[in-house]
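A.B. asks: Let me see the structure of the following:
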Amino acid sequence: MRYNKNDLEEITKMFIKLADKLLEENKIDKETYIEITKRKKGFLRFIEKDKIHNT
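C.D. replies: Numbers count the residues shown, from 1 in each chain. Model prediction:
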């Protein structure tokens with residue numbers, strides 16, 4: 001199954017929100033949260049730069 005950038009962007013945002021919720025509920029520690037979200041946030045920055053560049 002292929003996803004377009006918008007789908008991947010939404011999935012990534014949902015994943016980050018889930019990590020935020022788990023951190024608030026103390027189900028994961030701060031270091032784990034950073035490891036989980038580091039690449040996801042990098043991916044979102046890449047998409048934003050791509051949007052700016054392509055417009």
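A.B. asks: Contact partners for the nearest residue to I36 once chain neighbours are set aside?
C.D. replies: Nearest in space to I36, with sequence neighbours left out and distances taken as C-beta to C-beta, 6 or more residues apart in numbering, is A19 at 4.9 Å. Where you see a C-beta, it was placed from the backbone N, CA and C, and this is true even at glycine. With contact taken as C-beta atoms under 8 Å, 6 or more residues apart in numbering, A19 is in contact with 28, 33, 36-37, 40.
A.B. asks: Longest helix in the chain, please.
C.D. replies: helix 30-54 (DSSP state H).
A.B. asks: Give the other helices and strands that that one contacts.
C.D. replies: Applying 3 or more C-beta pairs under 8 Å, 6 or more residues apart in numbering; DSSP states H and E, we find helix 30-54 packed against helix 5-24.
A.B. asks: quick one: what helix or strand has K27 in it?
C.D. replies: Under the criterion DSSP states H and E, no helix or strand holds K27.
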